Every structure is written in structure tokens, then in C-alpha cells.
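1. sequence plus predicted model, see below.
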Amino acid sequence: MAEQCKDPRCPTHGGLKVRGRIMQAHVVSAKERKSAIVEIPRVHKVHKYERFEKRHSRIHVHVPECISVKEGDLVEIGECHKLSKTKAHVVIKKI
């Protein structure tokens, strides 16, 4: 962790309000500087065959300066207001 987080888009040290859903997800890509792509697994029922299938959603998230993530990490993300064209979620903590 950094000593001082000066990111205004940090939910703990800045003024970003987290509202809506809070989910757990796996980090798929963390190549960008303050962004990451996470994957949320879910189960979908196929009524015709009375079976379940695995599906997933990929979401672009903002990563604050005080949290360091890499591929494969399990993180908790929260919904917030639109931060850019594709980002509307922020990493709250690493699990």
C-alpha cells in the first residue's frame, strides 16, 4: 500500500461514492495504468434442456493508486457514477 493516496477517484481516500451492486471478480488484464478488466462468472439456466451453463461478464474497472492488482487476483468491485466512456465500476479492495 502507498503511504498517501492522492487519487480523487479512490472510494476510501478520495471523494468517490460507491452505490449500487458490490461484486467479487477475477482480474483478467491489468495492463493499463489505472484500469483493469475483470471477469464475473455466473450460472444461466437453459430451460429447454433443464441444465445450467456457465457464462461470464467482462467489466472495465478503475484501480486506485493505493491498490495494486495483477492478473488472477480476486477483487471486490463496486458500482459508481460513470468515470469514462467504458468505466462505471471501481476496485474497493483486494481479497
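-> Yep, that arrived. This structure is a prediction, so every number in the text was calculated from the model and none was measured.
2. pLDDT at the residue nearest the centre of the chain, what is it?
-> For the chain, the residue nearest the mean C-alpha position is residue 77 (3.9 Å; CA atoms, centre = their mean). At residue 77, the pLDDT value in this model is 97.
3. ok, now residue 7?
-> You'll see residue 7 listed with a pLDDT of 88.
4. might one say that it is in contact with residue 65?
-> Yes - the pair residue 7 and residue 65 qualifies as a contact (CB atoms under 8 Å) at a distance of 4.5 Å. C-beta coordinates here come from the backbone N, C-alpha and C atoms, glycine included.
5. where do the contact lists of these two overlap?
-> Shared contacts of residue 7 and residue 65 (CB atoms under 8 Å, 6 or more residues apart in numbering): residue 34.
6. can you pull out the helices in this protein?
-> Taking DSSP state H as the criterion, the chain contains no helices.
7. where does it have low pLDDT?
-> The chain contains residues with pLDDT under 70 at 1-3.
8. where do the strands of it begin and end?
-> All strands of the chain, identified by DSSP state E, fall at 22-29, 35-46, 51-62, 74-79, 89-94.
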